[in-house]
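Novice: one predicted model, sequence on top.
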Amino acid sequence: MSMLSVEGLAVSRGGLPVLENLSFSLDAGHALVLRGPNGVGKTTLLRTLAGLQPSLAGTVSMPPESMAYAAHSDGLKSTLTVRENLGFWASVYATNDIEPALERMNLQSLETRPAHSLSAGQKRRLGLARLLVTGRPIWVLDEPTVSLDTASVALFAEAVRGHLAGGGAALIATHIDLGLNEASVLDLTPFKAKTPEEGGMQGAFDEAFL
Ligand SMILES: Nc1ncnc2c1ncn2[C@@H]1O[C@H](COP(=O)(O)OP(=O)(O)OP(=O)(O)O)[C@@H](O)[C@H]1O
């Protein structure tokens, strides 16, 4: 059964249509990676799914309050420490235990540091740790690995695997190889679009390896 179902979706940015006729679904335990060149509309699609802007057409179905969205910005409170930031988000989402998130994103040694004093990659690890305290099953992630070093990318990929193994799902726009061999790919590159007759779904949904 699908956690997220998108049918005939059309999205716009700055008043101009960007993508149209997108249909795909995301099941529990699965990850879908969004690919496509700069400007094709990945961020616009994710913003629309997250409810930050209206669609032009189509439907998006998911259980209420099931999505956690991580945009380009880390959404951190700069004067709060790492631990306080996660505690803040845990209170927003009414979840309790932040220890697994601290551990999973390797933040224990930084927990007393104010967020403004962190490096870009450390901030990004904290921003991603926020996902773990939301308790939300559908992760929608826009370029989550920006600023991360190789070890942190692997840490993040492991966190995604853990999330999927726990029955969650993830939609991830990324230009890099996350090493998630089990993920499917939705390639938005216009010339790569396959017709249903060629074996593709609407939106050029294509089973592939990363
Ligand atoms: N704030 C904005 N106002 C108007 N147009 C915008 C705005 N942000 C993006 N656009 C335009 O909307 C289109 C889709 O942009 P979008 O950011 O969704 O692409 P993307 O696939 O996420 O790109 P990237 O890989 O560079 O992040 C582009 O043509 C872009 O120039």
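Specialist: Yep, that arrived.
Novice: all contacts plus neighbour counts: C-alpha atoms, from now on.
Specialist: Noted.
Novice: next, the contact list for the residue nearest the centre of the chain, please.
Specialist: For the chain, the residue sitting closest to the mean C-alpha position, by C-alpha atoms, centre = their mean, is residue 141 at 1.6 Å. Shown in contact with residue 141 (C-alpha atoms under 8 Å, 6 or more residues apart in numbering): 46, 69, 70, 71, 170, 171, 172, 173.
Novice: residue 127 too?
Specialist: 70, 74, 75, 76.
Novice: closest to residue 29 out of the residues you listed?
Specialist: When the contacts of residue 127 are compared for distance to residue 29 (C-alpha to C-alpha), residue 70 wins out at 18.8 Å.
Novice: so who does the closest one touch?
Specialist: Contacts of residue 70 (C-alpha under 8 Å, 6+ apart): 127, 128, 131, 139, 140, 141, 142, 144.
Novice: you'd agree the fourth one is in a helix?
Specialist: It stands for residue 139. No: counting by DSSP: H, G, I helix; E, B strand; the rest coil, residue 139 is located in no helix; its state is strand.
Novice: report the beta-bridge partners for the residue lying closest to it once chain neighbours are set aside.
Specialist: Closest residue in space to residue 139, ignoring its immediate chain neighbours: residue 170 at 4.6 Å, by C-alpha to C-alpha, 6 or more residues apart in numbering. For residue 170, the beta-bridge partners are residue 31, residue 139 (DSSP bridges).
Novice: wait, isn't residue 170 in contact with residue 142?
Specialist: No: counting by C-alpha atoms under 8 Å, residue 170 sits too far from residue 142 to count as a contact (10.9 Å).
Novice: ok, those two, which is more surrounded?
Specialist: residue 170 (26 against 22; other C-alpha atoms under 10 Å).
Novice: how close does the more buried one get to residue 41?
Specialist: Distance, residue 170 to residue 41, using C-alpha to C-alpha, to the nearest Å: 18 Å.
Novice: go on, residue 164?
Specialist: Counting by C-alpha to C-alpha, the gap from residue 164 to residue 41 is 25 Å.
Novice: and what of residue 100?
Specialist: Following C-alpha to C-alpha, the distance that separates residue 100 from residue 41 is 34 Å.
Novice: of the two, who's got more company?
Specialist: Neighbour tally, residue 100 and residue 41, criterion other C-alpha under 10 Å: the higher count belongs to residue 41, 21 against 12.
Novice: mind checking pLDDT for that one?
Specialist: The model reports residue 41 with a pLDDT of 97.
Novice: so it is in contact with residue 19, correct?
Specialist: Yes: between residue 41 and residue 19 there is a contact at 6.5 Å, judged by C-alpha under 8 Å.
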